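[1] sequence plus the predicted model coming up.
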Amino acid sequence: MTSWKEEIRNRLADLKLDPVRETEIIEELAQHLEDRYAELLSTGMAYPQAFRVVLAELRDRNLLATELARIEGPASERVVPGARRKNMFRDLLQDLPYASRMLRKNPGFTIVAVLSLALGIGANTAIFSMINTVLLRPLPVSRPEQLVALNNTSDNRTFPSFSYPNYKDLRDRNDAFSDLIAYRFTPLSLSHDGINERLWGFEVSGNYFSALGVNAALGRMISLEDDGAPGASPFTVVSYKCWQQRFGGDPAIIGRDVIVNGRSFTIIGVAARGFNGTEIVAAPELWFPLSMQAQLEAGRNWMDARGVENIFVQGRLKPGVSYAQAQASMNELAEQLEREFPNENEGKRITLSPPGLIGNSMRGPVLGFAGLLMVIVGLVLLLACINLANLLLARAAERRREIAVRLAMGASRSRLIRQLLTESVLLALMGGALGLVLALRLTALVVAFKIPIDVPLALNVAIDSRVFIFTLLISLATGVLFGLLPAWQATKTDLVSALKDDASFGGYRRSWLKNSLIVAQVALSLVLLIGGGLMLRALQQAQTIHLGFNPERAVEVSFDLRLQGYEDARGREFQKHLLERVRALPGVQFAGLADSAPVDLHFSRDKVFIEGQPPQRNMPVAMFNRATAGYFQAMETRLVQGRDFTEQDDQNAAPVAIVNETFARRFYPGEDPIGKSFRMGSPESPQRQVIGVVEDGKYAGLNEDPKPYVVRPLWQSYSGSTIVIVRAAADAQKLIASIRDEVRQLDPNLPVASRTFVERMSLPMLPARIAAWVLGVFGMLALALVAIGLYGVMSYAVSKRTREIGIRMALGAQRADVMRLVIGQGLTLVLIGMSIGLVAAIALTQSMKALLFGVSATDPLTYAGVGLLLAGVALLACYLPSRRAAQVDPMIALRYE
Amino acid sequence: MQYTNSPMLDRELKKGSAELLILSLVEVRARHGYEISKLIEARSDGVLRFNVASLYPLLYRLEKRGWIQGRWVEKAGQRRRRYYKLTREGKKVLAAQRSGWEEFVAAINRITKIETA
């Protein structure tokens, strides 16, 4: 037969056919000649004569070569070893259709591959687009690269705020910045068209908009003239979004008057579309000149106080001034100010940072969180890559013969690797495209999610060119990553055995690679699943935390009388009236007023001076609150000892306080706390007598240790910003409307915020909930990828061992033995992976302790549960191939290959 | 080596009818090249014969035109072989050629019968 092939090859040599096509033709023709030869022999013809006849038919007038030349034509390119580089682009053009044909030929493989890549790449793109928004995308101002934020540093502490007098000195004396701007977040109550709303605005220096280069969409912006004499410029600029959403895009908005914090302001302009202030995540809706500070913040005047540091400062670098130069020059100024005003400025220095994250203060947490998310989604993508590498390895083994033929025909190895990589990169690009769509959906979901805090978070997450390039690059990198290893392996073929189609060899030699990939996958997914499982346990545990109050059937309605311009006496009057009316409402069991309520991120705390104990350098501190009678009952906080507040505990009565058990234990160990006295804040403040003790609770966070806590009567120390807390007999939600109605009847212009206590409790749970979601979703994703990968590898192993299994069965092995053999092989890999994952999980989950609400980072229930889940899924993934192995018919298997 | 026993038929018949012969043979079921050559020889009682050099260029040309389609088929106990079957387009061509051929043969018959009668 070989001689026929040789003969045919010689006839075709001049045609320069495509090597694959040529091989096919030679095979087909050689068979024909062989059949013909056998036919002639069967007629009794002698060997030599039959051979001559067949050869003559082949050579017949050189018909074959001339006809084929007309039909087939030469190969478009000869694949020659060594001929590289110059053909790269043409190679690609040639490879692409071939690659897409190969992918179409295996739709199942292609769908699994594209889907798992889309999930991996989509997750990465979504996280990156958020990082892009928060950390990479510049503020929407002119020449954003020149803008820097100033940070106030002292004693290793960095905070973003400065005093106004210091700002003025820095602004006027520095030579590094062309402009230095100041702004301050301020809470607002806005009344217009009969609506009262609570929102946030910026008080800004007169140069704010001109320095940033932000123009008006309508009217004019705040200018230097507006920031002159205090109280002389009752003007405001609204954001484009505010104009559209709150004023319906009214074209005649300029010149309209609105009531802000109880005073009339005239709208002079609408800011350019897309400008949301100089912080990235918090978007103000109105801007005011700083000259109106006293009017906006009734009763607070800090503009001349060098010790009150509460404005943010950003500067625009002069052309040619570097970051380092600016920092050095600002610190010379800081030293000058330290010499001139040592009381307020001792030890204070200035550091510069990119603007937009409340100075530099949020960069650390944001980077930490973003980094953690990137690690998780990176792991998921890695899992997807490992899976695909495994699938490709299995497929490469099936294509061994094809590859061997191409190598034998003279294709260079690098050329073949390039061909195989074209396929994997094409897969990755398809996955990337789908991933981009997924990421768009995902970010829309995240943006729509409303975080329950009272700050205008404005995450403007959008897919821009940077995100697009990221996705493209990560897709390309992914394609090369999961394609290179299999391509390398596939082309390292032993030609002779491959051409003989001796499949049982190479497969085994490469299996250690596939096996270690499976082990790595199992380990990675175990880590993710344990993280997710721990978070779920933590959420479960959080339900059983002793809060010290009962969030069920409780509601809160909060308002700030100071913003509305109430003086103390009028405010007190208002609060008393409101409380009486709310208590009279049907369905209200108890109602009380308080300054703040647990659990809140920033709970007030102050120093405690115990009577009879000398002042120390580091005075103990306690959380504190102010409340009226009825507050503890409304909260369902148990009074352990003594008495509750009454309406008589007011300014005319002796100062009193109720403390919690921890306070009593810590400051009066072994004594009866009732009747004891202490002072809060300073040794000069009035002495307070303890009249009652309430049970411990959580105040600033669910994860905190027991903390000392003091409650003073609200009627003894007034607060304008208060919360009405109401215990409902039945449905709490229904009460909210009637309480709001009572407020409206007392003051139609007072903005109020309301929610149930269950809603309030969602904030402290938020980090744990997000972590549980992220880890849980990605953990399940990883589990699915492991199952696919394990199934693929085991199926492949079974198909390669068909002959061996057949022999075993022929020699008497039972089906159960065969299944045990296959499952045992799979589970060995899983167990190795799980042991590695276990060690990694124990190490990595230590960092999650802060979120775990008392669940141990090595919680045995979680580890056992996750282990069983993973083992179960792995068992299933091995069971299906094992069943197939057990159904092998020894007779067929032995004929196989 | 001759293709037919009658030199006169050789070229004309080959050129005009060889395609029709092959299309007809793969109409009902797929066949491999050797089988096709044997069938032609057997059914024409040895009058028509194709050898390897004449048959395969023809098969490849028909395949290139999309009238037939070749596919490697592996059967138990045999080496893989390339089987050709008629495509949808090939069916249309076959129908057209068949009626054209019948008309042609009828015309020839009429002419030759008158001449020899």
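    Alright, I've got the coordinates. Since the model is a prediction, treat every value here as computed from it, not as a measurement. Numbering: from 1, shown residues only, chains lettered A, B, ... in the order given.
[2] what about the strands in chain B?
    B:31-32, B:68-73, B:81-86 (DSSP state E).
[3] quick one: list the elements packing against the second one.
    So the one you mean is strand B:68-73. The contact analysis (3 or more Cβ pairs under 8 Å, 6 or more residues apart in numbering or on different chains; DSSP states H and E) places strand B:68-73 against helix B:52-65, strand B:81-86. Just so you know, the C-beta spots here come from the backbone N, C-alpha and C atoms, and that holds for glycine as well.
[4] quick one, which of the ones you listed gets closest to chain A.
    The closest of these to chain A is helix B:52-65. By Cβ to the nearest Cβ, the value is 3.2 Å.
[5] mind giving me the packing neighbours of the closest one?
    helix A:19-42, helix A:47-59, helix A:63-72, helix B:7-25, helix B:33-43, strand B:68-73, strand B:81-86.
[6] and the next element down the chain from the longest strand along chain A?
    For chain A, the strand reaching the highest residue count under DSSP E is reported as strand A:177-192. Going down the chain from strand A:177-192, the next helix or strand is strand A:195-204, by DSSP states H and E.
[7] how far off centre is that next one?
    Its chain's C-alpha centre and that of strand A:195-204 lie 29 Å apart, by Cα atoms, centre = their mean, to the nearest Å.
[8] packing partners for it?
    strand A:177-192, helix A:240-246, strand A:286-289, strand A:752-756.
[9] counting neighbours, what do you get for A:R101?
    10 (other Cβ atoms under 10 Å in any protein chain shown).
[10] average pLDDT across the strand or helix carrying it?
    Assigned by DSSP H and E, A:R101 belongs to helix A:88-105. Taken as a whole, helix A:88-105 carries a mean pLDDT of 75.
[11] got it, and stretch A:620-628?
    Mean predicted confidence for stretch A:620-628 is 89.
[12] hmm, who's touching that stretch?
    Contacts with stretch A:620-628, where a contact means Cβ atoms under 8 Å, 6 or more residues apart in numbering or on different chains, come from A:575, A:579, A:592-597, A:603-608, A:645, A:647, A:659, A:663, A:666-667, A:680, A:699-700, A:707-715, A:717, A:719.
[13] ditto for stretch A:866-886
    A:522, A:525-526, A:529-530, A:533, A:783, A:786-788, A:790-791, A:794-795, A:797-798, A:801-802, A:805, A:815-816, A:818-819, A:821-823, A:825-827, A:830, A:834, A:838.
[14] longest single helix anywhere in chain A?
    Criterion DSSP state H: the longest helix present in chain A is helix A:762-800.
[15] before we move on, what about chain B?
    Longest helix in chain B, counting by DSSP H: helix B:88-116.
[16] please name every helix or strand in contact with it.
    helix B:7-25.
[17] what's the mean pLDDT across the helix it packs on?
    The model assigns helix B:7-25 a mean pLDDT of 68.
[18] what parts of chain A come near chain B?
    A:24-25, A:28-29, A:31-33, A:35-36, A:56-61, A:63-64, A:67-68, A:70-72 (Cβ under 8 Å from any Cβ of the partner chain).
[19] which ChimeraX command selects the buried ones in the residues you listed?
    This is the ChimeraX syntax for the buried subset of these, where burial follows 16 or more other Cβ atoms under 10 Å in any protein chain shown:
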select /A:25,28,29,31,32,33,35,36,57,58,59,63,64,67,68,71,72
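[20] part of a strand, is A:G269?
    Yes - when DSSP: H, G, I helix; E, B strand; the rest coil is applied, A:G269 is found to be in a strand.
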